[in-house]
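K.L.:
sequence first, predicted coordinates after that:
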Amino acid sequence: MSLRRNLNFCRDVSGSVAATFSLSFVPLLMLVGSAVDYSRLIAYQAKVQGAADQAAIGSAHLSGVEAVTRAAGIVEAVLGTTELTYSTQASTDPVTGIVTVNVAASMPTSIMSSVVPSLDISRVARARAATSSTPGADAVLDDSCIFSLGEALTISTDTMTFNGSPSVNLRGCSLRSNKSMKCNGSSTYATSWAVGDIVGCSDPHPRQPYVADIYRSISSNISFLCGANQSGVTWTASTSGALPSSQNAIIVQRAGYAEAHICGNLRLVGTTNSSLTGAAPTSDTVVIVENGGIDIDGDSDVRANRMTFVLASKGYEDDNKPIVRWPKGNGANAGSWAVSASIDPSNPWKGHAVYQNPSLDSGADTYWRSGTTFTFDGVLYLPNAQFTVSGQVMAGPGNCSKIVVGEFTLNGAVKLVQSAAGCANMQVTQYFQIAVPTVTGTTAWLAQ
């Protein structure tokens, strides 16, 4: 009898499912966890490769320490909002001009964390600046009329914002953000490009390549002559268009243009049919504003032809004031300022209407109130500014206007135009992108 019971016990399989499941649960869990984490790893590998590609492309036009710093900043912009821990190594070859960027990242696992706490990712990319300044058949022209850089911000930051029902009228051009953008309440009716997300804007194209700032290097042409002098100058437009005569204005003749250094704040005063340099000047004038900003006088109509205003440095007492200041009041004491950029081909400032020194990383913001009107041909370059427009910004008759700022917010109206012929006449250098191979064999874009 006991033998039969023992045999029955050996043949009894009741309850074996639970035991079998208990024994197989851990391996099954590890298998599912590895599948989930492997899927995440594949996605992050692509993102890290994208960061390396963009960093190489975005720093290819630079060299030495500047290229290395820019590459690290671009990787931070792309990966800064992820859960990855990462490091960037970049180097430049002085002979070939090739920038090499290595990104090493670590992805924390989820279900597998008790066994494998993280998985490593390593990606590399190389890029070289184009040797020609003319785009070829493989190039894509960037025709943006408004381009927000957001250099120090994460990729998810909305560096271009259109509030309420803004009036946006763009002809022959688009919108571009090196981070993200959003339209609140109304579409812009313009093609929109962004490295990050686009919310509410028309014809959106998110997840685009980073476009490098080609205007930054022009700052090497800024010279300083004022020392600590910040007494300032009032410049009144007239029919003759004479340069200011003041001990606080230092006039220097450069090859092909006059350079006026303003020591302190520059106050601009004008009436209709008057101009700072005359209605039809035959040469360029570059105004270097040192130790101050620009004040537009109330109810003034200031016109400047063949001119570039360079905002070189803030005044010591002006650190918390905008670098371009308009009359106060919503519509009362309004002001108008019209600038047509320098156009002499030998002038390093050609194509620029207003240029802010990119080293000004504080006190660079500016708010243009309701009732203000700015008309320009060429480039308005405020690379680190939070630029808020509640008035009007309009294109001049030259058919080439481009705003390049740190962040752009529109509460008012913009009416901008670009044409190939207009930009050629205004000597505006455009961004273009050339297809180049990375070391992985994929196609990336090199911005020029």
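P.N.:
Thanks, I have it. Numbers count the residues shown, from 1 in each chain.
K.L.:
distance of Asp143 from Ile218?
P.N.:
Using CB to CB, to the nearest Å, Asp143 is found at 20 Å from Ile218. To be clear about C-beta, it is placed using only N, CA and C from the backbone, and glycine gets the same treatment.
K.L.:
and Thr236, by the same measure?
P.N.:
According to CB to CB, Thr236 and Ile218 sit 29 Å apart.
K.L.:
so between the two, which is more surrounded?
P.N.:
More crowded of Thr236 and Ile218, by other CB atoms under 10 Å: Ile218, with 21 against 16.
K.L.:
how about the strands in the stretch 51-200 of the chain?
P.N.:
Counting by DSSP state E, counting those that start in this stretch, the stretch 51-200 of the chain has strands at residues 85-92, 98-108, 118-128, 139-141, 144-148, 158-162, 167-171, 174-177, 180-183, 192-194, 198-199.
K.L.:
how about the stretch 301-448 of the chain?
P.N.:
With strands called from DSSP E, counting those that start in this stretch, the stretch 301-448 of the chain shows them at 301-304, 307-311, 324-325, 336-340, 352-356, 366-368, 373-389, 392-395, 401-410, 413-417, 432-437, 443-447.
K.L.:
out of the ones you listed, which is closest to Phe147?
P.N.:
Minimum separation from Phe147 across the strands of the stretch 301-448 of the chain (CB to CB) falls at strand 401-410, 4.9 Å.
K.L.:
packing partners of the closest one?
P.N.:
Applying 3 or more CB pairs under 8 Å, 6 or more residues apart in numbering; DSSP states H and E, we find strand 401-410 packed against strand 144-148, strand 158-162, strand 373-389, strand 392-395, strand 413-417.
K.L.:
any weak-confidence spans in the stretch 301-448 of the chain?
P.N.:
By pLDDT under 70, the weakly predicted segments of the stretch 301-448 of the chain are 316-321, 329-333, 362, 432-448.
K.L.:
thinking again about what came up before, nearest to Ala228 among the helices and strands packed on strand 401-410 would be which one?
P.N.:
Proximity to Ala228 (CB to CB) singles out strand 373-389 among the helices and strands packed on strand 401-410, at 23.7 Å.
K.L.:
so what does that closest one touch, helix or strand wise?
P.N.:
Helices and strands touching strand 373-389, by 3+ CB pairs under 8 Å, 6+ apart, are strand 336-340, strand 352-356, strand 366-368, strand 392-395, strand 401-410.
K.L.:
other residues contacting the third one?
P.N.:
This points to strand 366-368. With CB atoms under 8 Å, 6 or more residues apart in numbering as the test, strand 366-368 has contacts from 322-326, 374, 382, 385-391, 393, 412.
K.L.:
pLDDT averaged over stretch 87-101 - what is it?
P.N.:
Averaged across stretch 87-101, pLDDT comes to 85.
K.L.:
so what pairs up with the residue nearest to Arg325 when sequence neighbours are not counted in the strands?
P.N.:
Spatial nearest neighbour of Arg325, excluding adjacent residues (CB to CB, 6 or more residues apart in numbering): Asp295 at 4.9 Å. Asp295 forms beta bridges with Arg267, Arg325, as assigned by DSSP bridges.
K.L.:
Asp295 and Gly264, how far apart?
P.N.:
Distance, Asp295 to Gly264, using CB to CB: 11 Å.
K.L.:
for burial, what's the neighbour tally of His281?
P.N.:
Wrong residue type there; residue 281 is Pro, not His. Pro281: 17 surrounding residues under other CB under 10 Å.
K.L.:
give me the spatial nearest neighbour of it, chain neighbours excluded.
P.N.:
Nearest one to Pro281, counting by CB to CB, 6+ apart, is Arg306 at 4.9 Å.
K.L.:
same deal with Ala51?
P.N.:
Of all residues not flanking Ala51 in the chain, Val78 sits nearest, at 3.9 Å (CB to CB, 6+ apart).
K.L.:
which ones are touching that neighbour?
P.N.:
Val78 makes contact with 47, 50-51, 54-55, 155, 195, 210, according to CB under 8 Å, 6+ apart.
K.L.:
mind doing that once more with 10 Å?
P.N.:
Val78 is in contact with 47-48, 50-55, 58, 86, 103, 154-155, 195-196, 210, counting by CB atoms under 10 Å, 6 or more residues apart in numbering.
K.L.:
give me the buried subset of those.
P.N.:
47-48, 50-55, 58, 86, 103, 155, 195-196, 210 (16 or more other CB atoms under 10 Å).
K.L.:
flag whichever of those residues scores worst on pLDDT.
P.N.:
pLDDT across the buried ones among the contacts of Val78 is at its lowest for Gly58, which sits at 71.
K.L.:
just the CA trace of stretch 247-261, in CSV.
P.N.:
Output of stretch 247-261 as CSV, limited to C-alpha atoms (Å, rounded to 0.1, in the frame of the first residue of the first chain):
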residue,chain,number,x,y,z
GLN,A,247,33.9,115.3,-28.7
ASN,A,248,32.0,112.1,-27.9
ALA,A,249,31.9,111.0,-31.6
ILE,A,250,35.1,109.7,-33.1
ILE,A,251,35.1,109.5,-36.9
VAL,A,252,37.5,107.1,-38.6
GLN,A,253,37.8,106.6,-42.4
ARG,A,254,38.1,103.0,-43.3
ALA,A,255,38.6,101.5,-46.8
GLY,A,256,35.3,102.3,-48.6
TYR,A,257,33.3,103.6,-45.6
ALA,A,258,33.2,105.9,-42.6
GLU,A,259,33.2,104.6,-39.1
ALA,A,260,31.6,106.7,-36.4
HIS,A,261,32.3,105.7,-32.8
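K.L.:
just the buried residues of that stretch, please?
P.N.:
Neighbour count says stretch 247-261 has 248-250, 254, 257-261 buried, by 16+ other CB under 10 Å.
K.L.:
ok, now stretch 272-289?
P.N.:
Buried, per 16+ other CB under 10 Å, within stretch 272-289: 274-278, 281, 284-289.
K.L.:
just the ones of the contacts of Val78 in helices?
P.N.:
Residues of the contacts of Val78 located in helices (DSSP state H): 47-48, 50-55, 58.
K.L.:
any idea which residue sits dead centre in this structure?
P.N.:
Ranked by distance to the mean C-alpha position of the chain (CA atoms, centre = their mean), the top residue is Leu149 at 1.2 Å.
K.L.:
and for Ser187, nearest residue in space, chain neighbours not counted?
P.N.:
Nearest to Ser187 is Ser202, by CB to CB, 6+ apart, at 4.1 Å.
K.L.:
again with Ser87
P.N.:
Leaving aside its chain neighbours, Ser87 sits nearest to Ala104 (5.2 Å; criterion: CB to CB, 6+ apart).
K.L.:
quick revisit: who's in contact with the residue nearest to Pro281?
P.N.:
The neighbourhood of Arg306, defined by CB under 10 Å, 6+ apart, consists of 257, 275, 277-278, 280-286, 339-344, 347, 350.
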